[in-house]
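S.K.: Just the structure for this:
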Amino acid sequence: MQSITFNTRYAWNSTWDSALVMQGGPGGQSIVATNRAATWPIAYAVVGATSPTQVFFSNCLSGSCNGVGGGAGNILQASVLSFSGVLAYGESMVRTSNVVTMSGMGPKVTYFPVGSTIVVTGASPSDLNGTYTVATNSEDGSPGSVANITWAQTGADETATALGTISSLPESITFYPSAFITGTNNGVSGNVQLATNTVPFAAGDVVAGAPTSEFQNSGLNVYIGQTTPVDGSRASQGIMVFDNGPTQLSRAYAAINKTTNGIAGQMFYVLGSYANDFYFGYRPANNGSILYVQGGEPVSTNAKPYYIFTDNAVGGSFGFNPQSGGFSLSGNLGVPSITATTGASKFALGSTIGGVLPCLQNGTNCPASGGGTGTVSSVAAGTWPSWLTPTVTNATTTPTVAVAASAIPNVALANSATTVNGQTCALGGTCTIATGSSTPPLTYVTLHAAVSSGGVGFSGAFGTYNANAPTIGSVNPATTTDGYMLFAASPTSPQYAQTSVELPPYWTSSSAATGLWINFYSTSTTGNSVMDVQTACVVPGQAVGSPTWSTAIVTTTAVAGTANTDIQTAFISGIATPGANSCPATGMATPTKLLIRVYAATTSAVPTYVTGATLVYGRSQ
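M.R.: The predicted model follows:
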């Protein structure tokens, strides 16, 4: 135990004026923000340490070396904390399509501009934690929007159930040996006098003079106290600017804050009880403005919306968005009612509207009712329809007009026809309505490539030729009777598989009919299967076994990323056409035998296990 005796500036007691004494450690050094060391170093003198990672430093203005408002006016910034603890009402963190949105941040959204780095810790699920770059900030949108930021993070869609903290990156610092300057050697240029220190200076060392960490400077303080009575029209004033010429002042008051200083808290601050916080003796001169905004935002390249008025007590605001040129209002806009008075409807004597004296409520300038020198005996035909022509029943200056009742023709109606079951029928006419659809429905046929029985594969709806045939096998004989036809990858010559079907009379080759899908799987996980489809018709009188095959329709299908996954090709339409490849062209009153064969093209890069096909065909009647 070591006893230390020291003098304090103020009286010490254990309740209010506590004192902390530290000895050893990093004393005699100062910490400087690393990114400012070469430009504008601000030194924080270290007075001691309580652990290998925690130090105490001095030169604080009033209890905090991080200044007011999250570090304003201080070079050494603290890590800005946004949230801590369980998510509250209105707050949410949601990841959707690899984008995380943090909503309900309130005023703290301004601490994290676009491009800044944030650190998320303690979130649940924990995969939301990490270090990210802010992509969007709602302050770039309209005033009054939900306060939120977004950042990119790859992962499945999910919602956080708890949140530890969201903060900015802490400031990097560097330790330097330091000593307090106590004098300048009686004003000798380039000379300094240092306080007692243990800094091991050596010849050739670079010594930088750094200001202390915080300093408060008030350019002008006016303290006014008055106890004698004053004339109400000549009350005392703190600052008065009286322009007595000979030329006018360009500015009665100017406040300039360099953008490199950061954002100051307030330019003009009013505190206390005043009837009018701002009082203007006259309106602005020469079409001027009470508030005039020039230029863009000094600390950002994008034009953010801003508030012209904000009431912090109830949250009402009036804002302007320079991006759209529009105003926004938060809260109700009260409009006084208009109360009519006795003279409200009267015009001044001689007033005109468009050069014409108006008819006033009291009857002035109003024409007399009825009378006149002319007599109305008929109504001009004009554009009146023949079935709606008015007639005058008494030829006087105030005639009576009558319209004779007559039938309204159908063509004169707004809708002169109606539609029933797709058939348009004119009103007053007749039409025949067919019941049901005029086009027969499509027919679907399943064609199995092969079947499995007892672990042995047999051909199904498709057959093979006697040479160069696809291999027939079982898909999984322990669990299914499905079989397959294996078409080899990159074949040197086609491996044909053929089937035949009977098409009904009046079959058609429209885009939605007479086509098929092919189902297959592959052991490869990359590459394309390329299958060709040909057809031919067999009609009575044609030589057996010598069909005229159509030009092959080529279909390319990518395999699945997982081996042995069922795949279906796109619909292969128009595989057969009436009048081509021995198919009858007209009058198809009897069924038609259609041959279909499939094979893998030489460009097919993967083994293709065909399990079957689905044929669809339609009829024109």
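
S.K.: Under a three-state scheme, what state does the spatially most central residue of the chain occupy?
M.R.: Nearest residue to the geometric centre of the chain (CA atoms, centre = their mean): residue 136, 9.0 Å. Three-state assignment for residue 136 (DSSP: H, G, I helix; E, B strand; the rest coil): strand.

S.K.: pLDDT score for it?
M.R.: Note for residue 136: predicted pLDDT of 89.

S.K.: what do you get for residue 290?
M.R.: Residue 290 is given a pLDDT of 86.

S.K.: In this structure it contacts residue 280, no?
M.R.: Yes - here residue 290 reaches residue 280: they are 7.1 Å apart, a contact under CB atoms under 8 Å. C-betas here are computed from N, CA, C, even on glycine.

S.K.: Run through the stretch 301-450 of the chain and note the low-pLDDT ranges.
M.R.: 301-302, 315, 331-374, 381-383, 405, 422, 434-439 (pLDDT under 70).

S.K.: for residue 520, what are its contacts?
M.R.: 529, 531, 557, 566, 567, 569, 608, 609, 610, 611 (CB atoms under 8 Å, 6 or more residues apart in numbering).

S.K.: Lowest average confidence across helices and strands of this structure, where is it?
M.R.: Least confident helix or strand, the chain: strand 81-85 with a mean of 57, by mean pLDDT, DSSP states H and E.

S.K.: which ones are touching the residue nearest to the centre of the chain?
M.R.: 114, 149, 150.

S.K.: So which of these are in strands?
M.R.: 149, 150 (DSSP state E).

S.K.: Of the contacts of residue 136, which is the nearest to residue 285?
M.R.: Using CB to CB, residue 114 is the member of the contacts of residue 136 that sits closest to residue 285, with 40.6 Å.

S.K.: Would you agree the closest one is in contact with residue 135?
M.R.: Yes - Residue 114 is in contact with residue 135 according to CB under 8 Å; the separation is 6.9 Å.

S.K.: ok, back up a step: can you tell me which of the contacts of residue 520 are classed as buried?
M.R.: For the contacts of residue 520, a neighbour count by 16 or more other CB atoms under 10 Å gives the buried set as 529, 531, 557, 567, 569, 608, 609, 610, 611.

S.K.: which non-adjacent residue is nearest residue 591?
M.R.: Spatial nearest neighbour of residue 591, excluding adjacent residues (CB to CB, 6 or more residues apart in numbering): residue 502 at 4.7 Å.

S.K.: same question, residue 495
M.R.: residue 470 (4.4 Å).

S.K.: mind checking how far that neighbour is from residue 273?
M.R.: 97 Å (CB to CB, to the nearest Å).

S.K.: Which one's more surrounded, these two?
M.R.: Shown here are residue 470 and residue 273; by other CB atoms under 10 Å, residue 470 has more neighbours (27 against 4).

S.K.: Please report phi then psi for the more buried one.
M.R.: The phi/psi pair for residue 470 (degrees, to the nearest 10) reads phi -70, psi 150.

S.K.: swap in the one 5 residues further on?
M.R.: Recorded main-chain torsions at residue 475 are phi -70, psi -60, according to degrees, to the nearest 10.

S.K.: same thing with residue 412?
M.R.: Dihedral angles for residue 412 - degrees, to the nearest 10 - are phi -90, psi -10.

S.K.: what do you get for residue 610?
M.R.: phi -80, psi 120.

S.K.: number of nearby residues for residue 480?
M.R.: 11.

S.K.: Now flag whichever of the contacts of residue 520 is closest to residue 258.
M.R.: For the contacts of residue 520, the nearest to residue 258 is residue 557 (65.5 Å; CB to CB).

S.K.: In a helix, the closest one, correct?
M.R.: No - assigned with three-state DSSP, residue 557 falls outside any helix and is strand.

S.K.: Next, the contact list for it, please.
M.R.: 520, 528, 529, 530, 531, 567, 569, 570.

S.K.: Just the CA trace of the helix or strand where the fourth one lies, in PDB.
M.R.: Element membership for residue 530, per DSSP states H and E: strand 528-538. Taking C-alpha atoms only, strand 528-538 is exported to PDB below (Å, rounded to 0.1, in the frame of the first residue of the first chain):
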ATOM      1  CA  ASN A 528     -28.100 -30.500 -72.500                       C
ATOM      2  CA  SER A 529     -30.100 -33.400 -73.800                       C
ATOM      3  CA  VAL A 530     -30.900 -33.000 -77.500                       C
ATOM      4  CA  MET A 531     -33.800 -35.200 -78.700                       C
ATOM      5  CA  ASP A 532     -35.200 -35.400 -82.300                       C
ATOM      6  CA  VAL A 533     -38.800 -36.300 -83.200                       C
ATOM      7  CA  GLN A 534     -40.000 -37.600 -86.600                       C
ATOM      8  CA  THR A 535     -43.500 -38.700 -87.800                       C
ATOM      9  CA  ALA A 536     -45.000 -40.500 -90.800                       C
ATOM     10  CA  CYS A 537     -48.600 -41.500 -91.700                       C
ATOM     11  CA  VAL A 538     -49.500 -45.000 -93.000                       C
END
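
S.K.: related to what we said a few turns ago, just confirm the residue nearest to residue 591 is within a helix.
M.R.: No - going by three-state DSSP, the assignment for residue 502 is strand, not a helix.

S.K.: so where's the stretch 1-150 of the chain uncertain?
M.R.: The stretch 1-150 of the chain contains residues with pLDDT under 70 at 1-27, 58-90, 107, 140-146.

S.K.: quick one: the strands in it?
M.R.: 29-33, 44-51, 54-57, 81-85, 92-96, 99-103, 117-121, 130-137, 148-152 (DSSP state E, counting those that start in this stretch).

S.K.: Dump the ones you listed to CSV, plus distance to residue 158.
M.R.: Output for these, formatted as CSV (distance: least, CB to CB, whole Å):
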stretch, distance to residue 158
strand 29-33, 38
strand 44-51, 38
strand 54-57, 36
strand 81-85, 18
strand 92-96, 5
strand 99-103, 10
strand 117-121, 14
strand 130-137, 14
strand 148-152, 15
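
S.K.: just so I know, which of those strands lies nearest residue 304?
M.R.: strand 130-137 (8.7 Å).

S.K.: What strands line up against the closest one, and which way round?
M.R.: Using DSSP bridges, strand 130-137 pairs in its sheet with strand 117-121 (antiparallel), strand 148-152 (antiparallel).

S.K.: For the last one, list every residue counted as buried.
M.R.: Same thing as strand 148-152. Neighbour-count burial for strand 148-152 flags 148, 149, 150, 151 (criterion: 16+ other CB under 10 Å).

S.K.: Mean confidence (pLDDT) on the strand holding residue 530, please.
M.R.: pLDDT averaged over strand 528-538 gives 94.

S.K.: May I have the residues that are in contact with the residue nearest to residue 591?
M.R.: Residues counted as contacts of residue 502 (CB under 8 Å, 6+ apart) are 591, 592, 593, 594.

S.K.: Roughly how far does the second one sit from residue 508?
M.R.: Using CB to CB, residue 592 is found at 12 Å from residue 508.

S.K.: In stretch 450-461, which of the residues would be classed as buried?
M.R.: 450, 451, 452, 457, 459, 460, 461.

S.K.: circling back: now the two most distant members of the buried residues of strand 148-152.
M.R.: Farthest pair in the buried residues of strand 148-152 (CB to CB) is 148 and 151. Separation: 10.9 Å.

S.K.: Leaving out the residues flanking it, which one is nearest to residue 104?
M.R.: residue 91 (3.7 Å).
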